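# here is a sequence together with a model predicted from it:
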Amino acid sequence: MAIREFAMPDLGEGLTESELVEWHISVGDTVTLNQTIADVETAKAVVQLPSPVAGVVAELCAAPGETVNVGAPIVRFEVEAPAGPAAPASAVSVPEAPAAPERQAVLVGYGPAAASGRAPARKARKGAFAPAAPSIPSRAGSATGAGSASVPSAASVARERTLATPPVRKLAHTLGVDLASISGSGPHGLVTRDDVQHAASTPSAPSASEPPASTNAAPESATAARTVPASAGYPDERRTPIRGVRKATAQAMVDSAFTAPHVSVFLTVDVTRTMKLVRRLSEAGERASLLAVISKAVCLALAVQPALNAHWDDNAGEIVEWGHVNLGIAVAAPRGLMVPVVEHAHAKTVGELTEAIGALARTARAGELTPQQLTGGTVTISNVGVFGIDAGTPILVPGQSAILATGAVQRRPWEHRGKIRLRDVMTLSLSFDHRLVDGEQGARFLADVGRMLADPATVLGRV
């Protein structure tokens, strides 16, 4: 038998880490090739990881909720030793010092890329995993909290080989117990809860090779929300680590707000005729929604004002105008704000847009969007009206030059044919990048969308 390590794969998104959401396997389970073993959350989506081998689960190296760096081991399998004079680099005998895992694309769409000297898409954060060629990569969030090192210490190697279940690892982390210092009393040296609790209750001097942990800094690997005791009469506060979708959204919004000079304009529109059209189409069995009609109007208006369907390329010193419309639709999902993309929205009918938007929204709320469905957008619509909001100043999605927020439709007194009537009225809010969109272009675009929503019959001449 040999031990085969499976490291956190590079999902091809330019990310340096992912969060382990849930294990579908346990120590001792027999798994087959490509069997789903875990759910992993990146900044964009939840991805199911398939097993790269067939074998028996020997060790789970990370607990649910833990953030793991790309390339760090997450599970070890016992596999049949290959016949022949030499075993592959990724399968090693237990008593021997393991070699660095061979980077090979064993799974379609997953797995680390072949060694090519390619630099990572972005700089890894301080203390992140940094692999060294002749050694096992150390996982982030070690007991010492030290930054990455070129050669791991003997203690860190021992820690990686310590057998313990995820709950026991979490308990050890909570109690500040180093698993590598414990002799497991379970089968095959497995460290149990009793072992950890006994070690925690036994005072011991800190190792000379490890500096004492700071009492002021929170553990870097902490992932669960924690409650801080009340102070000065204030209620308890709840602290949640910034990770996943929230972390990615925050970074994107900061990048956008402090890179693109935003300008916002507003227009209140009588959409009574559009609402009647949507109702009549629905009653006739046709697929139609107000958001789909707005989306169609946006696509038609972009054909006249292409600057709002463009990208400011700083590196090339160019303005890139897209020849297609990939429409992002902002969705409030349980995981946070998601912006799935309707590809080639300009070529779709209102019925096709209704179906595509509905399908993406359902997939987003179920947490099943793929990274491909979240990239490639050229312009975005945010329907804040579903929350009863009249208007807002939306922030641009990085790389895009325009975003339209649609407010709630309300019955209001409105001038219609010289008389005051109750009409269906909504407010449109447009934010655009003033580097490449002039005020006139933004205003004309918004007015064009408003005219089509006020009188949807005019759309027929432009389809």
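Everything's here; your move.
# and the end-to-end length of stretch 398-407?
Terminal residues of stretch 398-407 lie 22 Å apart, using C-alpha to C-alpha, to the nearest Å.
# buried set for that stretch?
Going by neighbour count (16 or more other C-beta atoms under 10 Å), the buried part of stretch 398-407 is 399-407. For the C-beta atoms, the positions are set from N, CA and C on the backbone; glycine is no exception.
# tell me where the stretch 301-450 of the chain has helices.
350-365, 439-454 (DSSP state H, counting those that start in this stretch).
# which residues touch the nearest residue to residue 310 once chain neighbours are set aside?
In space, and not counting its chain neighbours, residue 310 is closest to residue 321: 4.5 Å by C-beta to C-beta, 6 or more residues apart in numbering. Shown in contact with residue 321 (C-beta atoms under 8 Å, 6 or more residues apart in numbering): 306-307, 309-310.
# what of residue 414?
Shown in contact with residue 414 (C-beta under 8 Å, 6+ apart): 270, 420-423, 425.
# what about 7 Å?
With contacts defined as C-beta atoms under 7 Å, 6 or more residues apart in numbering, residue 414 is in contact with 270, 421, 423, 425.
# could you tell me which of those count as buried?
By 16+ other C-beta under 10 Å, the contacts of residue 414 give 270, 423, 425 as buried.
# what is the nearest of those to residue 279?
The nearest member of the buried ones among the contacts of residue 414 to residue 279, counting by C-beta to C-beta, is residue 423 at 14.8 Å.
# residue 76 and residue 51, how far apart?
Distance, residue 76 to residue 51, using C-beta to C-beta, to the nearest Å: 12 Å.
# before we move on, the earlier item: can you lay out the contacts of residue 414 as JSON lines showing pLDDT and distance to residue 186?
Output for these, formatted as JSON lines (pLDDT from 0 to 100; distance: C-beta to C-beta, whole Å):
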{"residue": "270", "pLDDT": "98", "distance to residue 186": "72"}
{"residue": "421", "pLDDT": "95", "distance to residue 186": "78"}
{"residue": "423", "pLDDT": "97", "distance to residue 186": "73"}
{"residue": "425", "pLDDT": "98", "distance to residue 186": "69"}
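# what is the most widely separated pair among those residues?
Greatest spacing in the contacts of residue 414, by C-beta to C-beta: 421 and 425 (10.8 Å).
# mind listing the strands for the stretch 201-350 of the chain?
226-228, 237-239, 262-270, 310-313, 318-321, 327-329, 331-333, 336-338, 341-342 (DSSP state E, counting those that start in this stretch).
# give me the average confidence score over the fourth one.
Per-residue pLDDT values over strand 310-313 give a mean of 95.
# returning to that earlier point: how about the helices of the stretch 301-450 of the chain in TSV, adding distance to residue 247 and mean pLDDT?
Formatted as TSV, these follow (distance: least, C-beta to C-beta, whole Å; pLDDT from 0 to 100):
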stretch	distance to residue 247	mean pLDDT
helix 350-365	18	95
helix 439-454	31	97
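# isn't residue 398 right up against residue 255?
Yes: using C-beta atoms under 7 Å as the test, residue 398 is close enough to residue 255 to be in contact (5.2 Å).
# near residue 37, how many other residues are there?
By the measure other C-beta atoms under 10 Å, the count of residues near residue 37 is 22.
# check contacts around the closest residue to residue 410 other than its chain neighbours.
Spatially, and ignoring its direct neighbours in sequence, residue 410 is nearest to residue 425 (5.9 Å; C-beta to C-beta, 6+ apart). By C-beta under 7 Å, 6+ apart, the contact list for residue 425 reads 268-271, 410, 412, 414.
# who wins for neighbours among those?
Most neighbours among these, by other C-beta under 10 Å: residue 271, with 25 neighbours.
# contacting residues around that one?
Contacts of residue 271 by C-beta under 7 Å, 6+ apart are 409, 424-426, 453-454.
# give me the buried subset of those residues.
409, 424-426, 453.
# buried sites along stretch 383-401?
383-385, 390-392, 394-397, 399-401.
# which of these sit farthest apart?
Farthest pair in the buried residues of stretch 383-401, by C-beta to C-beta: 390 and 399, 28.1 Å.
# any chance of the buried ones among the contacts of residue 414 in JSON lines, plus distance to residue 434?
JSON lines is the format used below for these (distance: C-beta to C-beta, whole Å):
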{"residue": "270", "distance to residue 434": "29"}
{"residue": "423", "distance to residue 434": "33"}
{"residue": "425", "distance to residue 434": "28"}
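# among the residues you listed, which one sits closest to residue 57?
Nearest member of the buried ones among the contacts of residue 414 to residue 57, counting by C-beta to C-beta, is residue 425, at 60.3 Å.
# that closest one bridge partners, please.
Taking DSSP bridges as the rule, residue 425 bridges to residue 270, residue 410.
# and it, how far from residue 453?
The gap separating residue 425 from residue 453 is 11 Å, by C-beta to C-beta.
# got any residues that touch both of these two?
Common neighbours of residue 425 and residue 453, using C-beta under 7 Å, 6+ apart, are 269, 271.
# residue 415 - nearest residue in space that isn't next to it in sequence?
Per C-beta to C-beta, 6+ apart, closest to residue 415 is residue 421, 7.9 Å.
# quick one: the one you found from residue 390, how far?
Between residue 421 and residue 390 the computed distance is 20 Å (C-beta to C-beta).
# for residue 298, same thing?
Here the criterion is C-beta to C-beta. By it, residue 298 lies 19 Å from residue 390.
# please apply the same query to residue 294.
Residue 294 sits 16 Å away from residue 390, going by C-beta to C-beta.
# need the contact partners of the helix or strand containing residue 171.
Element membership of residue 171, judged by DSSP states H and E, is helix 166-175. Helix 166-175 is contacted from outside by 23, 60, 63-64, 179, 191-193, 196, 200, 221, using C-beta under 7 Å, 6+ apart.
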